[in-house]
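K.L.:
Dropping the sequence and predicted coords here.
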Amino acid sequence: METLIQSEMRKVDVELSPEMLSKCVAIAANHDIKPAKLAGIWEAHSMNNNYDSHGLTEANFTSFRGAVLQSVKKSGSNKKKIAVTPASTSTSKRSAGAAVVSRPAMTKRTNSVYDSPDGKRAKIGTDSSSQLDQIANGNTNIASPTATVKRERSSGSSVVTPSGVGTTSTRASTGTARPGSSSAIGYDQRKNAGSTVITYNPQNLSPKSKMVNIGNERLCTITQPFSQHLTKTVRHMTDRPRHVHLNNHLQSQVQELIEVLNIPMQLTEEEEHDNHQGQENETVKKDSNNSHQWPPYEHVGVPRQSLQTNVGRICNAAHVGKLNTTTIVLEGTKQGSNGSRIELDVSTLEQKNNASFSLFPGQIVAVSGYNCSGRRMVVERLVEGALPMPKNNEEENVNNNNNNVSIGLQTVKTSKAELTRMQYSQETNCQNGKPITVFAAAGPYTTNRDLTYQPLTDLLEVVMDAKPDVVLLMGPFLDMRQELVKENDGEHLTVEYEDGIKAHVSYEQFFMVKIAMELEGLFEDEPDLKTQFVIVPSLDDAIAEPVYPQPPLEDAIPNGGKIMKFFPDTEDTPYGALGLNKIERAGDRKIPKNPTDRRIHLVSNPSTIQINEVSFGFTSTDTFMHLSTESINHKLPPGTRLIRLAEHAVKQQSYYPIYPPPSGAGKEINLDVTQRDAYTMPVQPDVLVLPSRLTPLATDIVNGDTIAVNPGLLVKGATGGTYAIMEIHPMKKEQMEKASAVENGLLRHNVKDRVRVEVRRI
């Protein structure tokens, strides 16, 4: 047992002392935990608490033991599932003579639009503590969870009030833990609500004044000039030979990155190598410290007695289990190497004092070393993907539609004149010297105990106070992993009307009630609200395509759904409609013809957009977690593991660079590699948003050209999570003048020098 535990812990870069090894053996024996699982628990626990640089010590063993006990308790409780039934709720009307869907009440605030006496904000929810208490006491004779809807009919009006488990006053949680939950602290008992978790502010910029938010003029325009991402649903199952199609796309990815790596690394052509072998080898020895000097390029699997450079894809020779230093394999292209694979011996790299690496399956890398047999290379040097182009050699590809914007291999540049107009002009959709504010939040938007969506309501209350320019909402919105959704019949959410009649509400109708009507209410209360919302689906969404990459959300039945003759409830919530088009008409507003003037922007997952000149890249898939669980690391500087993971996405030019996708609970993903272009980064984004359940992050990566942000999840189990606030200030005019003289009029955005990021608790 001791040997197995020591071996498994070494795989996650932990060397146990004799005392710690003895304690680990005891806890594994007492709770019947396999060594591999024990190592996995430590890996997750150390990442969440930043213990990577310390290892397992007496100081953190107590918290680690708590994590082990929590995992054991959770695995035991999952064997028994108990359902919770929401009770009926009270209703209130927004206005007479109209069929509307009311939304949960928000917390009272002074001088707030929510304090208006007209009753536009209807309260919703009931106290379900008695039912939860029954469950806690062992009474499991309770029906499956439902979302209760009551309808009032008077003066020809009809009001539909949806509800989950909640309270009739302020918060949505009762504070009583469900069986199997890891904590008894509910959402309304959470601590430090609204406090700042981390701040990234390298230039010590002052927070945006609330006075700046006075007025409802828009300061920015949201565009999507990159055509790679999906715009509609595609067929995933075809009659074409799928394995051939799969291989062609993967091999083309390797070929493309070989071409990218040729420039910065100055890889020697094979013909030049044959003619100048001796001269080249001598040059390599003299210029070994030159980061761009590489041995001659050779196809994977070709034996040579001298140093050579190979480019290929990292694979796991074991096929089952996590990648480790003994199972690293490099696969070459089909065209050049006929798909040959060779073993990579990284022991030489491990012995170097300044050598660090981070590898995962699917990663495209360049390696140099000795491969005398053609089957195994002793690696002397390794580069993890495509490096950014040198600033003085970057090739520019000018957009024909706008000569003021240049999209290079990795970065977006904008002319001085265009930057000046966007940031200092008083025209519509220009900043007028003011900073723009972007909120970023990722689902789930309700706790695992109820379907009241109180955290979303609280977030929108913050939005109404702060009035940000853009709010990025990433799914899941209706989470298929949520227990109350899973415990239903799997097809519909059950609802019950006031007259006792039960009906079924589709997932789309439930989204309309809980999400779309919430957003609609914001613009009904304040029609001139300047905030724009960007909606991103998730693979866990019940209303979205379950294959990555995903197209934007759309009605299941086009053109606003369908009102069914024999189902009166569809008069208020049409079947198959998401209700997002109603948001554009809220407050008696006409639907704008120009897409940039819309309040709601539906984009794909992943997607790359521009807010004014700043490019934003994001995906709702937990790329951080998947990379973390599948990668192996060696001698990473303390505190840089998450930064290295974010850099992987940029260097691999992909929002999801892992292949094959990981397996295991919570990590399943249906990946369609035939749509590889749709999740390839078209440019190096100025801001990269990767929401994850791991520790929140805000930092600059890849030479400071990209700001990586992990806003966290808005809800974590039964309690609140975090979201991010990004303030991007205009570039100083004197900086524009200096940069314009150096860069021939097309300027880098230098977001690092003018951004302020906060991650706050909800």
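P.N.:
Perfect, thanks for sending it.
K.L.:
Surely G717 and P455 touch.
P.N.:
No: taking contacts as Cβ atoms under 8 Å, G717 lies outside contact range of P455: 11.7 Å. To be clear about C-beta, it is placed using only N, CA and C from the backbone, and glycine gets the same treatment.
K.L.:
Would you mind listing the residues touching both of the two?
P.N.:
Residues within reach of G717 and of P455 at once, by Cβ atoms under 8 Å, 6 or more residues apart in numbering, are T447.
K.L.:
who's more crowded, the two?
P.N.:
P455 (27 against 19; other Cβ atoms under 10 Å).
K.L.:
roughly how far is stretch 352-361 from the heart of the chain?
P.N.:
How far stretch 352-361 lies from its chain's middle: 25 Å, per Cα atoms, centre = their mean, to the nearest Å.
K.L.:
And that stretch, what's buried?
P.N.:
The neighbour-count check on stretch 352-361 (16 or more other Cβ atoms under 10 Å) flags A355, S356, F357, S358, L359, F360, P361 as buried.
K.L.:
Can you tell me which of those comes closest to V311?
P.N.:
L359 (14.3 Å; Cβ to Cβ).
K.L.:
On the pLDDT front, check the closest one for me.
P.N.:
Looking at L359, its pLDDT is 94.
K.L.:
Which residues are in contact with it?
P.N.:
L359 touches I314, L323, I328, V365, E384, S631, I632, counting by Cβ under 8 Å, 6+ apart.
K.L.:
Throw these into TSV and include distance to N605, pLDDT and secondary structure, thanks.
P.N.:
Output for the contacts of L359, formatted as TSV (distance: Cβ to Cβ, whole Å; pLDDT from 0 to 100; DSSP: H, G, I helix; E, B strand; the rest coil):
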residue	distance to N605	pLDDT	secondary structure
I314	25	93	strand
L323	26	90	coil
I328	31	95	strand
V365	27	90	strand
E384	25	87	coil
S631	22	91	coil
I632	28	91	strand
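K.L.:
Those residues, buried ones only, as a PyMOL selection?
P.N.:
Listed next is the PyMOL selection for buried residues among those, using 16+ other Cβ under 10 Å:
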select buried, resi 314+323+328+365+384+631+632
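K.L.:
ok, back up a step: any chance of the buried residues of stretch 352-361 in TSV, with secondary structure too?
P.N.:
What follows is the buried residues of stretch 352-361, written out as TSV (DSSP: H, G, I helix; E, B strand; the rest coil):
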residue	secondary structure
A355	coil
S356	coil
F357	strand
S358	strand
L359	strand
F360	coil
P361	coil
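K.L.:
So which of the contacts of L359 is the closest to I728?
P.N.:
E384 (29.0 Å).
K.L.:
circling back to that earlier point, most widely separated two among the buried residues of stretch 352-361?
P.N.:
A355 and P361 (21.0 Å).
K.L.:
low-confidence ranges in the stretch 351-500 of the chain?
P.N.:
353, 387-410, 488-492, 494-500 (pLDDT under 70).
K.L.:
now the helices for it?
P.N.:
Using DSSP state H, counting those that start in this stretch, the helices of the stretch 351-500 of the chain run over residues 416-424, 454-466, 483-486.
K.L.:
Save these as a markdown table, and put in distance to P685 too.
P.N.:
Shown next, in a markdown table, are the helices of the stretch 351-500 of the chain (distance: least, Cβ to Cβ, whole Å):
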| stretch | distance to P685 |
| --- | --- |
| helix 416-424 | 18 |
| helix 454-466 | 23 |
| helix 483-486 | 33 |
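K.L.:
now for those, which one comes closest to R190?
P.N.:
R190 sits nearest to helix 454-466 of all the helices of the stretch 351-500 of the chain, at 9.8 Å, using Cβ to Cβ.
K.L.:
any idea how far that closest one is from the chain center?
P.N.:
20 Å.
K.L.:
Going by neighbour count, which residues of it are buried?
P.N.:
Neighbour counts over helix 454-466 (16+ other Cβ under 10 Å) mark Q454, P455, L456, T457, D458, L459, L460, E461, V462, V463, M464, A466 as buried.
K.L.:
swap in stretch 614-621?
P.N.:
V614, S615, F616, G617, F618, T619, S620, T621.
K.L.:
I'd like to check what contacts that stretch. Which residues are they?
P.N.:
Here stretch 614-621 has contacts from 412, 438, 440, 442-443, 472, 474-476, 536-539, 548, 605-610, 655-656, 669, 679, 681, 683, 685-691, 728, 749, 751, using Cβ under 8 Å, 6+ apart.
K.L.:
Cool, thanks, signing off.
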